[in-house]
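Visitor: Starting from these lines, generate the structure:
(one chain, ligands or ions: 1)
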Amino acid sequence: MKIIIINGPNLNLLGKRENDIYGNETFNDFFEKLKTKYANQELSYFQSNIEGELIDKLQEVGYDYDGIILNAAAYTHTSVGIADAVKAITTPVVEVHISNTFSREDFRHKSYISPNAKGVIVGFGLQSYELALQSFLK
Ligand code: DQA
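Guide: Okay, here's the model as predicted:
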């Protein structure tokens, strides 16, 4: 299956950002392991700190990929533009979060993406991404 992980702002800092919340591993290290473990799948990865670039990528892949694993990070809680893109495309989107956003500040409890996501996986650290991948593979 052709599946892409799309990460939003500040997730390029994984491994050196608030390690108590997000862990010590860089996303690249995690992604290399994931690709090795799921070598039969066509996995790709995109990260941007820029809202419009995330929307461009969703539009680009959103009509022919089999699945999108989206951690829009802070834009989850603010972006009508990303929410509209998720609604517009036909590829199913699984929303993921590393931390349990519901045990954090109130503003993190709201997601503009969830209503149009196929499902949501929250709070399992980087394993959230693998669980999302497994949901596509069944
Ligand atoms: C996050 C949770 C968001 O609230 C936060 O802004 C992030 C990361 C997570 O994966 O836990 O940057 O999406």
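
Visitor: Could you list the contact residues of this structure toward the ligand?
Guide: When proximity is defined by C-beta under 6 Å from any ligand atom, the chain lies next to the ligand at 10, 71, 73-74, 76, 97-99, 101, 108. In this view, the C-beta of every residue, glycine as well, is placed from N, C-alpha and C.

Visitor: tell me the mean pLDDT over stretch 82-95?
Guide: Taken as a whole, stretch 82-95 carries a mean pLDDT of 98.

Visitor: what comes into contact with that stretch?
Guide: 8, 51, 54-55, 58-59, 61-72, 75-76, 111-121, 132, 135-136 (C-beta atoms under 8 Å, 6 or more residues apart in numbering).

Visitor: Show me which of those residues are buried.
Guide: 8, 51, 54-55, 58, 61-62, 65, 67-72, 75-76, 111-113, 116-117, 120-121, 132, 135-136 (16 or more other C-beta atoms under 10 Å).

Visitor: Return the helix or strand in the protein with minimum mean pLDDT.
Guide: Ranked by mean pLDDT, DSSP states H and E, the helix or strand of the chain with the weakest confidence is helix 19-22, at a mean of 90.
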